[in-house]
Each structure stands twice: as C-alpha cells, then as structure tokens.
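A.B. asks: pasting the sequence and the predicted coordinates here, then a few questions.
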Amino acid sequence: MSSSPIVSVIDDGSHHMGSLTAHRPLWASHGAGGSILSWIQHLLGRPTQGVAMLGQEDVLAASGTPSPANLMVSARWMEPDPALLPEFGEHVISEDGVLLAVHADEEILHAWRDGDVVRVQDATSAKVVAAKTLNAPWDLLDLLNHALGRRMENITPTEVPSGVHVLGNAPVRLEQGAQVDPGVVLDVEAGGIWIEANARIRPGAVLVGPVHVGPDSIVREQAIVRGSDIGPMCRVGGETNNSILQGWCNRAHEGHVGDSILGAWSNLGAGTTISNLLNSYEEVSVRLTPGASRHRTNRMFVGAFVGDFVRTAIGTKISTGTVIGTGAMLAEESTITGAVPSFAWWTPSGRRTWRFDKFVTSLQTAMARRDQVPSAELLQRLREAFTHLNSP
C-alpha cells in the first residue's frame, strides 16, 4: 500500500452533523470499525490523509501538514468505490449533487479546501454516480451498521488467552498489549471482534460482534457491548448496543446506551439510560437544534446524539431521538428530550447556561485526570461557540 499514490480525504463542511463535528473533521469521527478516514483507506486500498477547510480542523488531536496529492475524496462518501474514482480532469458527483471526489492538479484541490466548489466543477468534467452520503447524525448509525461488520470480516485472527470463552467462528484479533481477562465472553457468531493495542476487557464482560475496541480503552466488569465501535481511551460499563463512542468517552457505570453517538470527553453518570425505541414503534424524527423543525430519520431505532464534553448526573433519562449540544451539563430529574443547547446547565433548580470561565476550569480538571491539557486551539473553538450561542 505504501507505494500507491496518497488520497486526501476532505471534510468540506457541507453536512449537517452539528456538534458531532464541532471539534473534529468528519473523517476523524469513529463509526466504521475505527475512523472514517481509516474506513476509506480500507476500501480504496491506498494510504489516506485527512484535510479540512478553515474552521473544520481537528482541535482534539495533533495533525500534520498534508502531503501533495492529486486525488481528493469527500468524507461524506459512505462507501467510496475504487472503480468509480475520477480520471485526471474529472470530478465525481452524486445524483443528489454532493461532490464526492476530484482528480486534478493541487491548485484545483486547494480550491475545494477553500470552499470554491464552483471552480472545482468548472475546471473538471463531471461523472455522476449513485452513492449514499453522510449528511445527518443518524447517517453515522447507518454507516456503523454497514461498515462495522465488513471491517471485522477482514481482520487477521490472533490467539485468544485461556479462560476466555469464544462463541462462533468469525475472527478475533488482539493487538499488542491488549488484555482480555478470564471469564470474558467473545461472541463472534454474527461478526468479528477487534481489540486494539493496550485495551483491556475486564472479567465477566460480554462482547457480541461485530465490535471494535480502540486502543487504551477499558470495558468494565459485567459490561455488555453489542455491534458497537468504541474509540480510543474510553471507559465502558453497562449495556452498549449499536452505538459509537468517540475517543476519551467515559460511560463506565450501569445504564443503557442504544443506537447512539457519544461525543469525545462526554461523561455519563451512573444509571444514565438512553431510550432508542418509541413505545409506538414509529419512525423516529429528530430536532437537530432547539426550535428547529423535525427531520425524518427513516429509522425505528434511534437513541441520542451527544456532543463533546457533555455530562449527565446519576440516573439521567434521555428520550429517543434527543440531540445534546457541546458541553451541556444535565442533572434534571425529568426525562431529557428534544434538542438541548450547547453549554446548557440544567438542574432541578432551573435551566441556565454555564459560565464560560467555570466551564473551562471544569474541563481542565476533567482532562487532567487523564494527564491531558486542552489545547489553545480547542479553547478558542469553544469560546467562539459560546460567544455565538444566541446568534441567529
């Protein structure tokens, strides 16, 4: 693969992911048995690098300077097909008008990074293809359902320690330093399980494939994880079904999380439970921001879409299809529902907004517990979001 030309993968900000991509490009999000960037590399069989428009950079992880490339693919393309990639001088566009890929000189690729899609299309000839694209948060759940199993089919199995119970014949892969304790059940009847470097699966945990556990994450005693993608440095307890946990997520206690996406550095208090099915068994509709119109999801199972740095108190109940903005702190006794604004501070005594200085101090304390420090770029992005809270 190293001898193949590199492919740039771009987040051009044309989607509606809201707070789920407030601090990272779409390609850095997990949900495909690893990051979307790694999923695209897996499909194309070529090395990839992520690029982002101004304002879409990853402020949660260090990123280098992109290497020269003449092929750029959109992170929104759910399943890039090598056979559909453009020839030099072409761009690929979906039937509903989403720019998917461009093969051209660096100058034209820079125009895409600068947001000048018209110039890109004027400078290259179009090839229209049928393609599924990522536009809204629930599309990431569709990607999870589609990609996770396929990704786990192609892992190379490794030896499993004694005392670990394996059910089924799909592959199990443990990377260097991964530890699976005696009494763990790895059920691979419906899909493989990939546990990355230095992750640990504690005694009594049950993983039902397909499952991906990112590096340095810990799945706690008696936890149940089904069909989910766990990012790096997460702490996982309770029951997690068909969900995506971005890196550094802490949901180490009892409670149910189903068909949900949990943001980076989110912290769910003990007993926090997310509903993922209406009692009427109807299609779930979602309000992406407070006061906005509802959107159809074409899904019966939808949990919650939880932004980065969100915290919930013990026993918090979250309704089907809830969207929670960046940094919200939720300690209400009633069920959380609808769309929660960023930096909300909701308690039994009332609803208000964090003081920004207090939020930053709290964030610094939380990150210090994992020997991390928020970058200046992250704090600036958060301050900008806080400043524009009440903007139209």
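C.D. replies: Perfect, thanks for sending it.
A.B. asks: check which helix or strand covers Leu148.
C.D. replies: Following DSSP states H and E, the helix or strand that holds Leu148 is helix 137-153.
A.B. asks: direction included, what does the helix or strand following that helix pair up with?
C.D. replies: Going down the chain from helix 137-153, the next helix or strand is strand 165-167, by DSSP H and E. With DSSP bridges as the test, strand 165-167 is paired with strand 185-187 (parallel).
A.B. asks: the helix holding Leu148 - contacts with which helices or strands?
C.D. replies: Contact here means 3 or more C-beta pairs under 8 Å, 6 or more residues apart in numbering; DSSP states H and E; on that basis helix 137-153 packs against helix 36-44, strand 193-195, strand 211-213, strand 244-245, strand 261-262. To be clear about C-beta, it is placed using only N, CA and C from the backbone, and glycine gets the same treatment.
A.B. asks: quick one: residues in contact with the helix or strand that the last one is followed by.
C.D. replies: Later in the chain than strand 261-262, the nearest helix or strand by DSSP H and E is strand 267-268. Defining contact as C-beta atoms under 8 Å, 6 or more residues apart in numbering, one finds that strand 267-268 is touched by Cys249, Asn250, Arg251, His253, Gly255, Val257, Leu262, Val310, Arg311, Thr312, Thr316, Ala366.
A.B. asks: mind doing that once more with 10 Å?
C.D. replies: 235, 237-238, 248-253, 255, 257, 262, 274, 306, 309-314, 316, 318, 329-330, 366 (C-beta atoms under 10 Å, 6 or more residues apart in numbering).
A.B. asks: which of these are buried, as a PyMOL select command?
C.D. replies: The following PyMOL line selects those of these that are buried, judged by 16 or more other C-beta atoms under 10 Å:
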select buried, resi 235+237+238+248+249+250+251+252+253+255+257+262+274+306+309+310+311+312+313+316+318+329+330+366
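A.B. asks: between the helices and strands packed on helix 137-153, which gets nearest to Trp77?
C.D. replies: Comparing those by their distance to Trp77 (C-beta to C-beta), the top pick is helix 36-44, with 7.6 Å.
A.B. asks: quick one: list the elements packing against the closest one.
C.D. replies: Applying 3 or more C-beta pairs under 10 Å, 6 or more residues apart in numbering; DSSP states H and E, one finds that helix 36-44 contacts strand 7-11, strand 48-52, strand 71-74, helix 137-153.
A.B. asks: residues near Ala130, how many?
C.D. replies: 8 (other C-beta atoms under 10 Å).
A.B. asks: out of the helices and strands packed on helix 36-44, nearest to Ala111?
C.D. replies: Among the helices and strands packed on helix 36-44, the nearest to Ala111 by C-beta to C-beta is strand 71-74 (10.3 Å).
A.B. asks: for the closest one, the averaged confidence score.
C.D. replies: Per-region confidence: strand 71-74 scores 97 on mean pLDDT.
A.B. asks: distance between that strand and the chain's centre?
C.D. replies: In this view, strand 71-74 has its centroid 20 Å away from the chain centroid, taken as C-alpha atoms, centre = their mean, to the nearest Å.
A.B. asks: list the contacts for the closest residue to Ala52 other than its chain neighbours?
C.D. replies: Beyond its immediate neighbours in the sequence, the residue positioned closest to Ala52 (C-beta to C-beta, 6 or more residues apart in numbering) is Pro25, lying 4.3 Å away. Contact analysis of Pro25 by C-beta under 10 Å, 6+ apart lists 9-13, 35-37, 50-53, 56-58, 63, 75.
A.B. asks: my guess is Gly303 meets Ile318, correct?
C.D. replies: Yes - the criterion here is C-beta atoms under 10 Å, and Gly303 meets it with Ile318 at 7.7 Å.
A.B. asks: which neighbours do those two have in common?
C.D. replies: Taking C-beta under 10 Å, 6+ apart as the criterion, Gly303 and Ile318 both touch His256, Val257, Ser260, Thr273, Ile274, Ser275, Asn276.
A.B. asks: Serialize the helices and strands packed on helix 36-44 to a markdown table and add fields for mean neighbour count.
C.D. replies: Converted to a markdown table, those look like this (neighbours: other C-beta atoms under 10 Å):
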| stretch | mean neighbour count |
| --- | --- |
| strand 7-11 | 26 |
| strand 48-52 | 22 |
| strand 71-74 | 25 |
| helix 137-153 | 21 |
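A.B. asks: I'd like these laid out as JSON lines, including distance to Leu186.
C.D. replies: Formatted as JSON lines, the helices and strands packed on helix 36-44 follow (distance: least, C-beta to C-beta, whole Å):
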{"stretch": "strand 7-11", "distance to Leu186": "32"}
{"stretch": "strand 48-52", "distance to Leu186": "30"}
{"stretch": "strand 71-74", "distance to Leu186": "34"}
{"stretch": "helix 137-153", "distance to Leu186": "12"}
